[in-house]
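**Student:** 3D, please:
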Amino acid sequence: MAETTQEAGETADPRLAKLVYMLLLFGLIVSPLAVIGLIIAYVQNDTGPAWLNSHYRFQIRTFWLGFMFVVFLISMSGVLAEITILATFFSLVLGLCLLVYVFWSGGLRDVSKATNARAVGYAWIDPKR
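**Tutor:** Okay, the predicted model is just below:
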């Protein structure tokens, strides 16, 4: 078995590890390329010398960490979207309540009184004036 690993280590091609790095990099733009790179890294892992296997392990870990990060971002964007929708809904309800209060309490009549030439500027200080 040791002979098989030595023979595989001698025939291992480091250019394949470089190809996986490029696939992971371009996978940021086109996702299936990263998955192809992951498959190549899994297949080539433990087939070459120790230094090359460490590269494949690093590539596998990098893919899964990036995948978890993307899942986290997607889940947080959903939460933020829900918060935004709720905030918009509550602000609309608050605005509607404010309009109802202004109309029912006669707030607009006070505004019309303030537009009289005699009462301009004093309606909020002394309503009798």
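
**Student:** isn't residue 47 up against residue 12?
**Tutor:** Yes. When contacts are counted by Cβ atoms under 8 Å, residue 47 is listed as touching residue 12 (6.2 Å). Using the backbone N, CA and C atoms, a C-beta is placed for each residue, glycine as well.

**Student:** more neighbours: which of these two?
**Tutor:** More crowded of residue 47 and residue 12, by other Cβ atoms under 10 Å: residue 12, with 19 against 16.

**Student:** how about that one, nearest residue that isn't a chain neighbour?
**Tutor:** Ranked by Cβ to Cβ, 6 or more residues apart in numbering and with sequence neighbours excluded, the top spatial neighbour of residue 12 is residue 48, at 2.9 Å.

**Student:** ramachandran coordinates for that neighbour?
**Tutor:** Note on residue 48: its backbone torsions stand at phi -130, psi -170 [degrees, to the nearest 10].

**Student:** do the same with residue 46
**Tutor:** Note on residue 46: its backbone torsions stand at phi 70, psi 20 [degrees, to the nearest 10].

**Student:** heads up, I number from 37, so please use that
**Tutor:** Okay, using 37 as the starting number, the last item reads as residue 82.

**Student:** so what's the residue count around it?
**Tutor:** 13.

**Student:** okay, and the residue nearest to it when sequence neighbours are not counted sits in which element?
**Tutor:** The shortest distance from residue 82 to any non-neighbouring residue, by Cβ to Cβ, 6+ apart, is to residue 89 (5.8 Å). Element membership for residue 89, per DSSP states H and E: helix 86-140.

**Student:** show me what that helix is packed up against.
**Tutor:** Packing contacts for helix 86-140, counted by 3 or more Cβ pairs under 8 Å, 6 or more residues apart in numbering; DSSP states H and E, involve helix 50-62, helix 67-80.

**Student:** centre of the chain to it, how far?
**Tutor:** Counting by Cα atoms, centre = their mean, to the nearest Å, helix 86-140 is centred 5 Å from the centre of its parent chain.
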